[in-house]
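# Could you work out the structure for the sequence below:
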Amino acid sequence: MPSKIYEAMAAGLPVLFSGTGEGAKIIKENRAGFVSGPKDYESLKENILKIKNSIELRNEMSVNGRKTAEEKFDRNIIIEKFSQKLMSL
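Presented below is the predicted three-dimensional model:
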């Protein structure tokens, strides 16, 4: 999972993700950007143009990414939950 995704979302930047797997799933599920397949340059180009040409879309993805980063990927919350889990074992 590319860690740069978290930082981009936390900064409120729409993410242009080129790849598959967990990173693509997070971006899609949270509407925090666009996903294109590996080496799918045409799709990447289309996604760039979508973001470039729509301030509303950029703003929506910015808000979605920031909210996702705060609610699901806050390191302090993750560490606390992990610690609690370890203590329960």
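
# The residue nearest the centre of the chain is in what secondary structure piece?
Against the mean C-alpha coordinate of the chain, by Cα atoms, centre = their mean, the closest residue is Ile27 at 4.1 Å. Assigned by DSSP states H and E, Ile27 belongs to helix 22-29.

# what about the helices in the protein?
For the chain, the helices defined by DSSP state H cover 4-10, 22-29, 41-53, 55-72, 75-88.

# helices or strands next to the helix holding Ile27 in the packing?
helix 4-10, strand 15-18, strand 33-36 (3 or more Cβ pairs under 8 Å, 6 or more residues apart in numbering; DSSP states H and E). For the C-beta atoms, the positions are set from N, CA and C on the backbone; glycine is no exception.

# Output the below-cut-off pLDDT ranges for this protein.
Residues of the chain meeting the criterion pLDDT under 70: 1.

# Quick check: chain neighbours aside, which residue is closest to Pro2?
Gly23 (5.4 Å; Cβ to Cβ, 6 or more residues apart in numbering).

# roughly how far is stretch 68-86 from the heart of the chain?
Its chain's average C-alpha position is 17 Å from that of stretch 68-86, according to Cα atoms, centre = their mean, to the nearest Å.

# cool, and stretch 53-63?
With Cα atoms, centre = their mean, you get 14 Å for stretch 53-63.

# now stretch 51-59
On Cα atoms, centre = their mean, the centre of stretch 51-59 falls 16 Å from the chain's centre.

# Quick check: end-to-end length of that stretch?
9 Å (Cα to Cα, to the nearest Å).

# what comes up buried for it?
Burial within stretch 51-59, assessed by neighbour count using 16 or more other Cβ atoms under 10 Å, is assigned to Ile51, Leu57, Arg58.

# any chance of the helices of the chain in CSV, plus distance to Leu16?
Shown next, in CSV, are those (distance: least, Cβ to Cβ, whole Å):
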stretch, distance to Leu16
helix 4-10, 9
helix 22-29, 9
helix 41-53, 6
helix 55-72, 10
helix 75-88, 24
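
# now for those helices, which one comes closest to Val35?
Nearest to Val35 among these is helix 22-29; the distance by Cβ to Cβ comes to 4.5 Å.
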